[in-house]
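Chemist: A structural model of the following input is requested.
(2 chains)
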There are 2 protein chains.
Amino acid sequence: MDLLKERILKDGRVIDGRIIKVDNFLNHQLDIDLFNEIGKEFYRRFAAKNITRILTIETSGVAIAAITAQYFHVPVVFAKKQEAGNLSPEVFASEVYSFTKDKYYKIRVDKRFIQPTDRVLIIDDFLAQGNAVCGLIDIVQAARAEVAGVGIVIEKGFQKGREKILKRAPVQIESLAIIKGFQGDKIIFENTD
Amino acid sequence: MDLLKERILKDGRVIDGRIIKVDNFLNHQLDIDLFNEIGKEFYRRFAAKNITRILTIETSGVAIAAITAQYFHVPVVFAKKQEAGNLSPEVFASEVYSFTKDKYYKIRVDKRFIQPTDRVLIIDDFLAQGNAVCGLIDIVQAARAEVAGVGIVIEKGFQKGREKILKRAPVQIESLAIIKGFQGDKIIFENTD
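Modeler: Below is the predicted model:
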């Protein structure tokens, strides 16, 4: 998605030659016009999948999922994070390892909000190690619903997330920008899409 | 806002005669069509205020703020919660007491994302004690920007939030549904709007 890649090149900041910060348009300050273009693009790529529900994880996936849902005309559900304590029996849950924080946290979705008849599109802002998306897949599978697709805004193609997801479920993964790597402060994209 | 009140009566669950759960349309599963009506209504009420930016707090304010921003054509910024650790000097911060969790947490916004020229609309899903909104007002004031309005989806009118906010800043507060109280499991609204 060229508009997105141009924006990443313009506003993304590379830190220590390995971290990319896009907090001025994607995950702290939110450019809602861009989000609408992202939502349209997800719709274009998944329109044939008869999506009935969008699932994401708090916090930074929520706004993208909400804007995207307008094109699919389906409800959004976001998985809640929980660091400690017991889970209610009323929830589907999974455990996710956070690489940046080096710890595990639980994620949960109320059982009322995913039905076995659902065809779920999982949306998130970043794909790196793939742990968050795999946790969301666990939840969809626990609900005996179908993972109908995974839509990612920015994928770090040099990490193992995509591989990990495909081991968990043979699903269509669409990333709107795939970063191949960095050359100093320069961002190199894969030539997909 | 009648559509919202009808939805609260239909889907809201009163627990222990004092807590209201609206997680099947407002803050866990999200009804995006309803969010659009909410966004339009906020626009109707604050259109004259020349809003330049919408500020909210993670997590449950984020989707409402994102959908609402489409009507104002402005960016959204969400304050991030942080339970412990040092804050960067690059942020505006405040401390918020959570009544439900009985603890304080810090909230922060990167200084790049609120400018002194901004006219900020604060959006949140609930107003009860008013602590979260007051924390957001602190941040806007630290940025020397103007709090141009506070838009709330559901206000618990029997708590002190509105009073507390008005002591902090003489601002237009618009709540789309104000709950006066409960009679057993029945929700009683104030007869505003």
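Chemist: got the end-to-end distance for stretch A:15-25?
Modeler: 17 Å (C-alpha to C-alpha, to the nearest Å).
Chemist: Give me the distance between A:Leu30 and chain B.
Modeler: Per C-beta to the nearest C-beta, to the nearest Å, A:Leu30 is found 4 Å from chain B. In this view, the C-beta of every residue, glycine as well, is placed from N, C-alpha and C.
Chemist: quick one: the closest residue in space to that residue that isn't next to it in sequence from B:Leu55, how far?
Modeler: Spatially, and ignoring its direct neighbours in sequence, A:Leu30 is nearest to B:Val76 (4.3 Å; C-beta to C-beta, 6 or more residues apart in numbering or on different chains). The spacing between B:Val76 and B:Leu55, counted by C-beta to C-beta, to the nearest Å, is 8 Å.
Chemist: which residues do those two both contact?
Modeler: B:Ala65 (C-beta atoms under 8 Å, 6 or more residues apart in numbering or on different chains).
Chemist: Count the residues that sit near A:Arg168.
Modeler: 16 (other C-beta atoms under 10 Å in any protein chain shown).
Chemist: quick one, what contacts it?
Modeler: A:Cys134, A:Ile137, A:Asp138.
Chemist: Among these, name the buried ones.
Modeler: A:Cys134, A:Ile137, A:Asp138 (16 or more other C-beta atoms under 10 Å in any protein chain shown).
Chemist: Closest one of those residues to chain B?
Modeler: Closest approach between these and chain B, by C-beta to the nearest C-beta: A:Asp138, at 17.8 Å.
Chemist: picking up where we left off before, could I get the contacts of A:Arg168 as TSV with pLDDT and secondary structure?
Modeler: Listed next are those as TSV, based on pLDDT from 0 to 100; DSSP: H, G, I helix; E, B strand; the rest coil:
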residue	pLDDT	secondary structure
A:Cys134	98	helix
A:Ile137	98	helix
A:Asp138	98	helix
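Chemist: can you put these in TSV and add distance to chain B?
Modeler: As requested, these are arranged in TSV below (distance: C-beta to the nearest C-beta, whole Å):
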residue	distance to chain B
A:Cys134	21
A:Ile137	19
A:Asp138	18
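Chemist: As a markdown table, the residues you listed with distance to B:Val22 would be great.
Modeler: Formatted as a markdown table, those follow (distance: C-beta to C-beta, whole Å):
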| residue | distance to B:Val22 |
| --- | --- |
| A:Cys134 | 30 |
| A:Ile137 | 28 |
| A:Asp138 | 27 |
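Chemist: from the residues you listed, which is closest to A:Lys167?
Modeler: Nearest to A:Lys167 among those, counting by C-beta to C-beta, is A:Cys134 at 8.8 Å.
Chemist: and the gap between the closest one and B:Glu90?
Modeler: Taken as C-beta to C-beta, the span from A:Cys134 to B:Glu90 is 33 Å.
Chemist: same check, this time on A:Phe189
Modeler: A:Phe189 is 28 Å from B:Glu90, by C-beta to C-beta.
Chemist: can you pull the contacts of the spatially most central residue of chain A?
Modeler: Central residue of chain A (C-alpha atoms, centre = their mean): A:Asp124, 1.5 Å from the mean position. By C-beta under 8 Å, 6+ apart, the residues touching A:Asp124 are A:Thr56, A:Ile57, A:Ser60, A:Gly61, A:Ile64, A:Ala132, A:Val133, A:Leu136, A:Val150, A:Gly151, A:Ile152, A:Val153.
Chemist: repeat for A:Asp33
Modeler: B:His73.
Chemist: Confirm that it sits in a strand.
Modeler: No: A:Asp33 is assigned helix when assessed by DSSP: H, G, I helix; E, B strand; the rest coil, not a strand.
Chemist: quick one, which of A:Phe189 and B:Glu90 is more surrounded?
Modeler: Neighbour comparison, A:Phe189 and B:Glu90: the larger count goes to A:Phe189, with 17 against 9 (by other C-beta under 10 Å).
Chemist: Near the closest residue in space to that one that isn't next to it in sequence, how many other residues are there?
Modeler: Counting by C-beta to C-beta, 6+ apart, A:Phe189 lies nearest to A:Lys5, which is 5.7 Å off, once chain neighbours are set aside. Residues lying near A:Lys5 (other C-beta under 10 Å) number 18.
Chemist: separation between A:Lys5 and A:Ile179?
Modeler: 9 Å.
Chemist: Give me the common contacts of those two.
Modeler: A:Phe189.
Chemist: my read: A:Phe46 touches A:Ile152, true?
Modeler: No: taking C-beta atoms under 8 Å as the definition, A:Phe46 is not a contact partner of A:Ile152, at 12.0 Å.
Chemist: When these two are compared, which one has more neighbours?
Modeler: Legend: neighbour count by other C-beta under 10 Å for A:Phe46 and A:Ile152, higher for A:Ile152 (27 against 23).
Chemist: burial count for the residue nearest to A:Leu30?
Modeler: By other C-beta under 10 Å, neighbour count at B:Val76 equals 28.
Chemist: ok, it - contacts?
Modeler: A:Gln29, A:Leu30, A:Ile32, A:Ala63, B:Arg53, B:Ile54, B:Leu55, B:Thr56, B:Val62, B:Ala65, B:Ala66, B:Ala69 are the contacts of B:Val76 under C-beta under 8 Å, 6+ apart.
Chemist: for chain A, which spans come out with low pLDDT?
Modeler: Chain A contains residues with pLDDT under 70 at A:83-84, A:192-193.
Chemist: On the three-state scheme, A:Arg162 is what?
Modeler: Strictly by three-state DSSP, A:Arg162 counts as helix.
Chemist: Next, count neighbours for A:Arg18.
Modeler: 10.
Chemist: returning to what we had before: how near is the residue nearest to A:Phe189 to A:Val22?
Modeler: Distance from A:Lys5 to A:Val22, by C-beta to C-beta: 12 Å.
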